Each structure stands twice: as C-alpha cells, then as structure tokens.
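Engineer: just coords:
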C-alpha cells in the first residue's frame, strides 16, 4: 500500500464512507499477505522504500506470478516483473493487466494510472549491442520509478569516438548506468568524463576467459575512476533501481 492509498483510506473512514470493519479488513493485510503457501507479499514496501515490491519472475510458475501480481495490485498502483521469460508471459498474458512487456529485457510493467511527469536525469549506456537486454532492464526499471531515461547504445571502447558524440547528454545527467561485458572498461571511461555517479553494470557477454561476466565485474571493481559503484553481473534491475533512487534525490537537471 502506498502513501496516497493509505491517505485515501483514512479520508474515506473519517468521512464515514467506509465502516470500521471495512477499514480493519484493509489494514490487517497492509504489512504483508500470505499467498497460497508460496509467498508473503510485502504490501508495506512502498511506504518504507518508496516503490512497491518487485516480482523476480525467474523460477516462478505462471500461476505464482499471476497470484502475486493480483495481490500486489490490490494495494499498489503498479507491478514490475523482471526475468519473465517470453514463453511464460505467453501463458499468462491474458491473466495480467494490460501493461507493457519487453521480450528483449524480459520485463513486464503495468501502472494503473499515469503518475506525475517523469524526471529527466538518467542516462543508460551499453558498450555493445549484445549488452542491450541488460541495459534495457535497467532503463525500464528507472522509468517505472519515475525517471525519464535517455538510452545510448553500442558506444564501447573499441570505437570510443562514438561515445564522445554524446558529451552533452552525459553532462546533463544526474546519474549514468553503463552496461558492459568483455573486459568491462567502459564505466571507467565514462567515470573519467563526468561529475555525477556512474553505476557500472557488468554483463555476461564475452568469450571464455570472461567467465560469464566475472572479468567485467572484477575490472569494474578495480576501476581507477572515482564515483563508480558496481552491481552484480547482469543485474539490470539493481542498476536501474539505484539510478532511480539517485535521480529522485538529485536537483533539477541544468
């Protein structure tokens, strides 16, 4: 339950529009709700953290995803599902609300009302085209959190002049997410060009010695550039969520 919904509930009770029993029925499941023995849905997260609980779709059945989504939407204005495989989405799309599904990023997002205008300030960069699915997961997550996202894809260090064509966009950002596989060098380059936080997002893209993204992760952790934080391999959601939080706290884009 988000703050706006709680306030509406209290106002309706004060105005006599709902009975005490109805009020108690809605409040008793506000902290969390047990769902069929396989989940405890955290309805309180939006109040604590400013964004509803997000569903990690990988490993869940279609039935579980639908059941959790339905419970979330009783108390939240939106639902975000990550790592939702296309074949699972096809099975359950008729049971989900009419949201948007990005098959490349494997992300589903539904918002039941248009929120306030999205705040500019987030830039999401991918080193290569193959990094785009993870970068898109980050971008969609940041957008769900109320940020306007500028995407800059396929500008890796093998052709660095491509990145330098976007200097104005980099300088206007409040926070930048940089997704890269292989040796993972691009976040260090970006970090040396800007004065805002850079979120390094290692991807599992690369040949054998990349060890499914471990080389990129270690390279980013060893960056000589300042102002860089690093999330886990292929964790586009984590990078986008952090970018959204930073952008919320930032001043207006100049």
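Structural biologist: That came through, no problem. Treat the numbers as computed from the prediction; the structure is a model and nothing was measured.
Engineer: can we go C-alpha only for contacts and neighbour counts from here?
Structural biologist: Noted.
Engineer: quick one, what contacts residue 214?
Structural biologist: For residue 214, the contact set (CA atoms under 8 Å, 6 or more residues apart in numbering) comprises 204, 233.
Engineer: pLDDT weak spots in the stretch 151-254 of the chain?
Structural biologist: By pLDDT under 70, the low-scoring segments of the stretch 151-254 of the chain are 252-254.
Engineer: surely residue 140 touches residue 238?
Structural biologist: No - taking contacts as CA atoms under 8 Å, residue 140 lies outside contact range of residue 238: 11.4 Å.
Engineer: who has more neighbours, those two?
Structural biologist: Neighbour totals were compared for residue 140 and residue 238, and residue 140 leads with 24 against 19 (other CA atoms under 10 Å).
Engineer: and that one, what does it touch?
Structural biologist: Contacts for residue 140 (CA under 8 Å, 6+ apart) come out as 107, 240.
Engineer: how much space between it and residue 168?
Structural biologist: The span separating residue 140 from residue 168 equals 22 Å under the rule CA to CA, to the nearest Å.
Engineer: same thing with residue 190?
Structural biologist: Where residue 168 is concerned, residue 190 sits at a distance of 13 Å (CA to CA).
Engineer: next one: residue 84
Structural biologist: Separation of residue 84 from residue 168 (CA to CA): 35 Å.
Engineer: who has more neighbours out of those two?
Structural biologist: When residue 84 and residue 168 are compared on other CA under 10 Å, the one with more neighbours turns out to be residue 84, at 23 against 9.
Engineer: my read: that one touches residue 58, true?
Structural biologist: Yes - with contact defined as CA under 8 Å, residue 84 reaches residue 58; the gap is 6.1 Å.
Engineer: doesn't residue 105 make contact with residue 81?
Structural biologist: No - counting by CA under 8 Å, no contact exists between residue 81 and residue 105, whose distance comes to 10.7 Å.
Engineer: and residue 193, how many residues sit next to it?
Structural biologist: For residue 193, the number of neighbouring residues by other CA under 10 Å comes to 14.
Engineer: sec struct for it, please.
Structural biologist: Judged by DSSP: H, G, I helix; E, B strand; the rest coil, the three-state class of residue 193 is coil.
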